[in-house]
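Asker: Return atomic coordinates for the entry below.
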Amino acid sequence: MSEATLHAEHHHGPDKGILRWLYTTNHKDIGTMYLILALSSLLIGGIMAFVIRAELFEPGLQLVDPNFFNQMTTMHGLIMVFGAIMPAFVGLANWLVPMMIGAPDMALPRINNWSFWLLPFAFGMLLSTLFMEGGAPNFGWTFYAPLSTTYAPPSVTFFIFSVHIMGISSIMGAVNVIVTIFNMRAPGMTFMKMPLFVWTWLITAFLLIAVMPVLAGAVTMMLMDIHFGTSFFDAGGGGDPVLFQHVFWFFGHPEVYIMILPAFGIVSHIIATFSRKPLFGYTSMVLATASIAFLSFIVWVHHMFTVGLPLAAELFFMYSTMLIAVPTGVKVFNWVTTMFKGSLTFETPMLFSIAFVVLFTIGGLSGLMLAIAPVDFQYHDTYFVVAHFHYVLVPGALFSILAAVYYWLPKWCGRMYSETLGKWHFWLSFIGVNLTFFPMHFIGLAGMPRRIPDYALQFADFNAIVSVGAFIFGTSQLIFIYNVWRTTLGGVGEKATPEVWDNPTGLEWTIPSPAPYHTFQEPPKVD
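Answerer: The predicted structure is shown next:
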């Protein structure tokens, strides 16, 4: 048996069909599967958002039952957070981290395979709740008790089990990233020479290991309250519903940084490349990332300003939340300074990255507004909050993922995507995302509560604009899917050069990785 055949069997299992994907331990295969899963979840979660926005297009109940509307808001949030954004970043980590540090693969390849294959089962279980008696969970993606324990549909037990499986997958993936980065760096690759994407993922992995067990604890206590007669969150039995919020947000706030830190790394690479300059302030970027991660653990109560906290607690969490704006501001300053007087070109990845910087900053500023405790009493549970976190997660996390795919796709498959289609995708997404989420600030400040299927007449015009924007944004993602399909499987597009982007700084790819035998490139010749 030839060396190439042995290599193929080692990485892909015995067969070239479905078994190869089932058994593969190759980081590139697994990264691809994560990205495909994330794209599928994005489409499913997007359809749920379409249902929500169609119902809210005009006042009056017209399309769906209010209970089903609540199920859609719950499932949309859960699927987008746990099924789209997080698996996409893990997929990018699988593809890029070994390449960037000069490692042949991830350190724990079989755990890598397992941590991926847990996810389709977890999401299958979550989606199956839609077809169960009583329907899917209807208590919002934050699943506050006692709504999610005392008044929940029977399907909540399946929801809890699927959250446990997702958490196990996340912890194993994070362990794998940490072990790979600590043990498998190429000779001479010190920590302060690592590409920023590797740094942001290393810090993200520590966050995941710290907070996923907290989420597991929260859903386990829910399970006990539902089935085993405990009263963790039931005031009638001596428990406290506010305890649930503390436990949930101690997970939930670092979680939102888990969904944005890898984006910081991606954008740092892309802006440096298309500015034709080294990134400004590498060390300060690493320190800012670590500071954000540390501070993310001491601000969780800003989600709970309205529960009746002591004044000292409100002040502490208000000021610590504002403090996070400092390292975030350092990052924005460094990106802008990298572009300043650079030799800029505006290919699709750069357009998404610049949009990321501008729109993520808007999301950060509305976050600062929400951090002011007395004002938060007005903003809390309105569409202003929806506008804030969607500005962070859509033009923030999602735009960075799209930028990463456009930027690295030629390296992955050896062909260039269509720049024209990429620019159409960008501009339609940019217009759609701002039409969708910017007016939400105004209807939120005017007092429209979130998670409701109907609303007063004065909010009608803005809601119509929001719904139109949502449909523009959602359907424009089909251009992206077509562009990726024609580049990878369609075989259309020019062959990519070894140095895809004209990048004299050498920042794009730190260490070349040997191409796997299954990409669209020619296999390496063995003498």
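Asker: from here on, contacts and neighbour counts on C-alpha atoms
Answerer: Will do.
Asker: For the longest helix seen in the chain, which residues meet the burial criterion?
Answerer: Identified as the longest helix of the chain according to DSSP state H is helix 196-227. For helix 196-227, burial by neighbour count (16 or more other Cα atoms under 10 Å) applies to 196-209, 211-219, 221-223, 225-226.
Asker: now stretch 168-179
Answerer: So, applying 16+ other Cα under 10 Å, buried residues of stretch 168-179: 168, 169, 170, 171, 172, 173, 174, 175, 176, 177, 178.
Asker: My guess is the fifth one contacts residue 112. True?
Answerer: In other words, residue 172. Yes. Using Cα atoms under 8 Å, residue 172 is in contact with residue 112, at 7.4 Å.
Asker: Tell me how many other residues crowd the closest residue to residue 66 other than its chain neighbours.
Answerer: Nearest non-adjacent residue to residue 66, counting by Cα to Cα, 6 or more residues apart in numbering: residue 453, 5.8 Å away. Using other Cα atoms under 10 Å, residue 453 is surrounded by 22 other residues.
Asker: Repeat that for residue 124.
Answerer: By the measure other Cα under 10 Å, the count of residues near residue 124 is 11.
Asker: Relative to residue 456, how far out is it?
Answerer: Plainly put, residue 124 is 37 Å away from residue 456 if you go by Cα to Cα, to the nearest Å.
Asker: residues in contact with stretch 255-263?
Answerer: 81, 85-86, 89, 197, 200-201, 204, 207-208, 211, 289, 292-293, 296, 392-393, 396-397, 400-401 (Cα atoms under 8 Å, 6 or more residues apart in numbering).
Asker: Give me the most central residue, the chain.
Answerer: residue 85 (2.5 Å; Cα atoms, centre = their mean).
Asker: Let me know the secondary structure of it.
Answerer: helix (DSSP: H, G, I helix; E, B strand; the rest coil).
Asker: In this structure it contacts residue 38, no?
Answerer: Yes. Here residue 85 reaches residue 38: they are 6.8 Å apart, a contact under Cα under 8 Å.
Asker: where along the stretch 101-250 of the chain do the strands fall?
Answerer: With DSSP state E, counting those that start in this stretch as the definition, the stretch 101-250 of the chain shows no strands.
Asker: Give me the below-cutoff pLDDT ranges for it.
Answerer: For the stretch 101-250 of the chain, no stretch has pLDDT under 70.
Asker: all helices of it, in order?
Answerer: 109-128, 156-183, 196-227, 241-258 (DSSP state H, counting those that start in this stretch).
Asker: Take those helices and lay them out in a markdown table including distance to residue 58.
Answerer: As requested, the helices of the stretch 101-250 of the chain are exported to a markdown table (distance: least, Cα to Cα, whole Å):
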| stretch | distance to residue 58 |
| --- | --- |
| helix 109-128 | 28 |
| helix 156-183 | 31 |
| helix 196-227 | 36 |
| helix 241-258 | 31 |
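Asker: Among these, single out whichever gets nearest to residue 145.
Answerer: Judged by Cα to Cα, the one of those that comes nearest to residue 145 is helix 241-258, at 5.9 Å.
Asker: Could you pull out the buried residues of that closest one?
Answerer: 241-242, 244-258.
Asker: tell me the average confidence for whichever helix or strand comes after it?
Answerer: Next along the chain after helix 241-258, taking DSSP states H and E as the criterion, comes helix 261-275. Averaging pLDDT along helix 261-275 yields 96.
Asker: returning to what we had before: quick one, what contacts the residue nearest to the centre of the chain?
Answerer: So residue 85 contacts 38, 259, 397, 398 (Cα under 8 Å, 6+ apart).
Asker: most surrounded residue in those residues?
Answerer: That'd be residue 397 among the contacts of residue 85, by other Cα under 10 Å, with 28 neighbours.
Asker: List the contacts of it.
Answerer: Neighbour list for residue 397: 85, 259, 260, 263 [criterion: Cα under 8 Å, 6+ apart].
Asker: you'd agree it is in a helix?
Answerer: Yes. Membership of residue 397 in a helix is supported by three-state DSSP.
Asker: And it, how far from residue 263?
Answerer: In terms of Cα to Cα, residue 397 sits 6 Å off from residue 263.
Asker: Over to residue 197?
Answerer: On the measure of Cα to Cα, residue 197 and residue 263 end up 8 Å apart.
Asker: Contacts only, for the residue nearest to residue 107 when sequence neighbours are not counted.
Answerer: In space, residue 107 comes closest to residue 180 once its chain neighbours are excluded; the distance is 4.7 Å by Cα to Cα, 6+ apart. Neighbour list for residue 180: 98, 103, 106, 107, 108 [criterion: Cα under 8 Å, 6+ apart].
Asker: Look up how far residue 501 lies from the first one.
Answerer: In this structure, residue 98 and residue 501 are 20 Å apart, going by Cα to Cα.
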